[in-house]
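Student: Just need the structure, nothing else, for what follows:
(chains A and B)
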Protein chains: 2
Amino acid sequence: MKNNRYIIIVGCGRLGSYLANYVSRAGNSVVVIDKNESTFNDLSSDFSGFRIDGDATHMAVLKAAKIKDADVLIATTHEDNVNLMVAQVARKVFKVPQVLARVFDPKREEVYTQLGIDTICPTSIAAGMFLRAVSHGVAPGDGAQDEGARP
Amino acid sequence: MKNNRYIIIVGCGRLGSYLANYVSRAGNSVVVIDKNESTFNDLSSDFSGFRIDGDATHMAVLKAAKIKDADVLIATTHEDNVNLMVAQVARKVFKVPQVLARVFDPKREEVYTQLGIDTICPTSIAAGMFLRAVSHGVAPGDGAQDEGARP
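Tutor: Take a look at the predicted model:
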């Protein structure tokens, strides 16, 4: 990974805070946005990025995060619609070069892809891993992990 | 997959209902347990298994699901503690041959493994996929999917 990129992470839950801590430690410039200030407690003590307490579906908040300068935006909130909207704005309005969104509902994944947004669906991936584990009668970590199911 | 197994799925959210529909269609005997009866609406019209409206942390509910006969139990609720408890009871008390649990908090995954419960952590997997996608500058589906991070 190039370690001098400007990365905006929307949502500071388990996934968002883990990603923020990781990419910050790797030397990137990081901004985390969350509506709920208390979620910033999950950022590690050595997190060197910025925290913005606000709603990323508001243009003013994205501008405060200097989204025009961003190399990457990752939308990780728990609401698929929020992730979709923020990702679309980042891609279409601010021309962020790389935009990724978490999507919980596997049925929506195809729609997002059609809209040019790269998605990761933990539900699909987990389903695929569970099914392979059940199928093979092995523990999930024992080589059963290759590709997420596409429900 | 052997298609004549007896599979209990605890939790009928997106993941649980998807798994239930899939393994039912594949010819297995399936019982789904959820505290919230309305979640059963996510089961497809051709779902041929049983629905139990109850709390799987209660022994009586597990017994009603004929857990002693189960070949597989998958705990997919949104609460890590519930999944851990049900999985432990299934494994230790009822000797279910294969027990799998979803765990959201990556920090707990190691504890579960120590307790002999096979886990799948969507947070870890999604984090690993996002980081690889950011690292390689590619879409998540473009070969960036191999192994989940272990935070």
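
Student: most residues in a single helix of chain A, which one?
Tutor: Counting by DSSP state H, the longest helix found in chain A is helix A:122-136.

Student: Which elements pack onto it?
Tutor: Applying 3 or more C-beta pairs under 8 Å, 6 or more residues apart in numbering or on different chains; DSSP states H and E, we find helix A:122-136 packed against helix A:106-114, helix B:14-25, strand B:72-75, strand B:98-102, strand B:118-120, helix B:122-136. All C-beta atoms are positioned from the backbone trio N, CA, C, and that covers glycine.

Student: Save the ones you listed as a markdown table, and put in mean neighbour count and distance to A:Thr39 too.
Tutor: Shown next, in a markdown table, are these (neighbours: other C-beta atoms under 10 Å in any protein chain shown; distance: least, C-beta to C-beta, whole Å):
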| stretch | mean neighbour count | distance to A:Thr39 |
| --- | --- | --- |
| helix A:106-114 | 16 | 24 |
| helix B:14-25 | 23 | 22 |
| strand B:72-75 | 27 | 26 |
| strand B:98-102 | 25 | 21 |
| strand B:118-120 | 25 | 24 |
| helix B:122-136 | 22 | 14 |
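
Student: Of the ones you listed, which is nearest A:Val32?
Tutor: Smallest distance to A:Val32 across the helices and strands packed on helix A:122-136 (C-beta to C-beta): 13.9 Å, for helix B:122-136.

Student: could you dump the helices and strands packed on helix A:122-136 to JSON lines with mean pLDDT?
Tutor: Converted to JSON lines, the helices and strands packed on helix A:122-136 look like this (pLDDT from 0 to 100):
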{"stretch": "helix A:106-114", "mean pLDDT": "80"}
{"stretch": "helix B:14-25", "mean pLDDT": "93"}
{"stretch": "strand B:72-75", "mean pLDDT": "96"}
{"stretch": "strand B:98-102", "mean pLDDT": "93"}
{"stretch": "strand B:118-120", "mean pLDDT": "88"}
{"stretch": "helix B:122-136", "mean pLDDT": "86"}
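
Student: Of these, give the one that comes closest to A:Asn36.
Tutor: Comparing the helices and strands packed on helix A:122-136 by their distance to A:Asn36 (C-beta to C-beta), the top pick is helix B:122-136, with 17.7 Å.

Student: Next, the angle strand A:98-102 makes with the closest one.
Tutor: Put simply, helix B:122-136 runs at 170 degrees to strand A:98-102, going by axes from the mean of the first three to the mean of the last three C-alpha atoms, to 10 degrees.

Student: Quick check: closest non-adjacent residue to the one residue in chain A that gets nearest to chain B.
Tutor: Nearest to chain B in chain A, going by C-beta to the nearest C-beta, is A:Pro122, at a distance of 3.4 Å. Distances taken as C-beta to C-beta, 6 or more residues apart in numbering or on different chains place B:Pro122 nearest to A:Pro122, at 3.4 Å, with adjacent residues excluded.

Student: which residues touch the one you found?
Tutor: Counting by C-beta atoms under 8 Å, 6 or more residues apart in numbering or on different chains, B:Pro122 touches A:122-123, A:125-126, B:102, B:104.

Student: how much space is there between it and B:Ala101?
Tutor: Using C-beta to C-beta, to the nearest Å, one gets 12 Å for the distance from B:Pro122 to B:Ala101.

Student: would a markdown table of the helices and strands packed on helix A:122-136 with distance to A:Asp46 be doable?
Tutor: Below are the helices and strands packed on helix A:122-136 laid out as a markdown table (distance: least, C-beta to C-beta, whole Å):
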| stretch | distance to A:Asp46 |
| --- | --- |
| helix A:106-114 | 33 |
| helix B:14-25 | 34 |
| strand B:72-75 | 35 |
| strand B:98-102 | 30 |
| strand B:118-120 | 28 |
| helix B:122-136 | 18 |
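
Student: for the ones you listed, which one sits closest to A:Ala20?
Tutor: Of all the helices and strands packed on helix A:122-136, it is helix B:122-136 that lies closest to A:Ala20, at 10.6 Å by C-beta to C-beta.

Student: What lies in contact with stretch A:43-58?
Tutor: Identification of contacts with stretch A:43-58 by C-beta under 8 Å, 6+ apart yields A:10-12, A:17, A:20-21, A:24-25, A:29-35, A:37, A:40, A:60-62, A:64-65, A:75, A:77, A:82, A:85-86, A:89.

Student: The contacts of B:Pro122: which two are farthest apart?
Tutor: The most widely separated members of the contacts of B:Pro122, counting by C-beta to C-beta, are A:Ile125 and B:Phe104 (13.5 Å).
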